[in-house]
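Novice: Show me the folded form of this:
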Amino acid sequence: MDLELRHLRIVRAVADAGSVSKAASLLGLAQPALTAQLKRIERVLGGTLFERDRHGARPTRLGELVLARARVLLPAAKELQEEAVRFAHASPSFRIGATNGPILGGLVDRLAAERQVSTYTSWSAHELTGMVELGRLDYVLTGACGDSGTPTGTLVWETISLDPVFCLVAEAHPVAREKEVELAGLAREQWAVTPGDGCFADCFAMACARAGFTPGTIYETDVSTCTHLAQVGRAVVLCQATHQAAQGLVMVPLAGAPLRWRQLLGRHPTTPDATWVVAQAKEAHKDVVRRSPVYQDWLVRNPGYGTAP
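Specialist: Numbers count the residues shown, from 1 in each chain. Below is the predicted model:
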């Protein structure tokens, strides 16, 4: 009998459980069957792997050697299997997942000139990140507050841009003709924002606290409802500076950029074409900036923002 990965899993299970009976229960085997398996493994390896008594099972010196190798080999084999599955199921198209953002359309347009593109949208960056990790998507286009760290996990992340957060108000709103507005000047307003599972709500609350007030009602809803609430004067909408204002709305910068937003593109480390796709995402962002006179004017006065180098 040759040593197999399943044998190493048995050795690891016994060591982790601390007894053969507990390991058998965890593995869904009868204890006599697991005991017989363990004896066969010990014959292959040439010695006893565990000292067993009424207190349980403890690795011998040989058992410790085998266990140390098993703890390296088993994760490596699992990683190889997952990577092979990703390779075998690699799609000839670009599969892009995205949260609500302004550059997805431009990125799809650029990528579709070279290859078929499919998209999947969600309010949850965590969901999209998990889909990339499982090989169901190639890229995730999402964002994070400007002061937050890079998302954790196995993905490789590229910063596409650093943008300020502006506000959308109705054309008849008192601040609509202002070059920019202090956040404190909007203290009596109600607010609307699109949902997400990041830290933006907490960052907004802290920015308001620094400005000396607690925000009133915050409507967390879809883009069309946010737009309607702003148009009828029911709320001020927080938006990325790259947002294209709908009819009847005006985008006004917040003085001092108290809120910032980073556009991020995440991918699995084995995903091909990454450099080219990142470059296309940055060009898509530049295109959106060029279509926004308000943001272009703000960038002249506030260097250090915009498309990442």
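
Novice: tell me the average confidence for the longest helix along the chain?
Specialist: For the chain, the helix with the greatest residue count under DSSP state H is helix 61-88. Model confidence over helix 61-88 averages 84 on the pLDDT scale.

Novice: Tell me the buried residues in it?
Specialist: 63, 66-67, 70, 86 (16 or more other C-beta atoms under 10 Å). Backbone N, C-alpha and C define where each C-beta goes, glycine included.

Novice: In the stretch 51-200 of the chain, where is pLDDT below threshold?
Specialist: 85-92, 149 (pLDDT under 70).

Novice: what's around the residue lying closest to T150 once chain neighbours are set aside, how many residues?
Specialist: Excluding the flanking residues, the one nearest T150 by C-beta to C-beta, 6 or more residues apart in numbering is W157, at 5.1 Å. Using other C-beta atoms under 10 Å, W157 has 18 other residues around it.

Novice: And the helix or strand hosting W157, what does it pack against?
Specialist: Using DSSP states H and E, W157 sits within strand 156-170. Judged by 3 or more C-beta pairs under 8 Å, 6 or more residues apart in numbering; DSSP states H and E, strand 156-170 is in contact with helix 223-231, strand 236-240, strand 249-252, strand 260-267, helix 274-290, helix 293-301, strand 306-307.

Novice: start to end distance for stretch 135-143?
Specialist: From its first residue to its last, stretch 135-143 covers 20 Å (C-alpha to C-alpha, to the nearest Å).

Novice: And stretch 147-154, by the same measure?
Specialist: Chord length of stretch 147-154, first to last residue, is 21 Å (C-alpha to C-alpha).

Novice: Please identify the buried residues of that stretch?
Specialist: Buried residues in stretch 147-154, counted by 16+ other C-beta under 10 Å: P151.

Novice: Identify the residues contacting that stretch?
Specialist: Residues from elsewhere that reach stretch 147-154, judged by C-beta atoms under 8 Å, 6 or more residues apart in numbering: 125, 129, 133, 144, 157, 198-199, 203, 260, 262, 264, 266, 268-269.

Novice: Please report the number of neighbouring residues for L26.
Specialist: L26 is flanked by 13 other residues according to other C-beta under 10 Å.

Novice: wait, doesn't it sit right on A13?
Specialist: Yes. Counting by C-beta atoms under 8 Å, L26 touches A13, with 6.0 Å between them.

Novice: any idea how far A192 is from V232?
Specialist: Per C-beta to C-beta, to the nearest Å, V232 is found 11 Å from A192.

Novice: tell me the SS of P174?
Specialist: coil (DSSP: H, G, I helix; E, B strand; the rest coil).

Novice: Just give the number of residues close to it.
Specialist: Neighbours of P174 under the rule other C-beta under 10 Å: 10.

Novice: Quick check: phi and psi at it.
Specialist: When read as degrees, to the nearest 10, the backbone of P174 gives phi -60, psi -30.

Novice: what's the spacing between it and F204?
Specialist: 21 Å.

Novice: Likewise for A23?
Specialist: For A23, the distance to F204 - C-beta to C-beta - is 51 Å.
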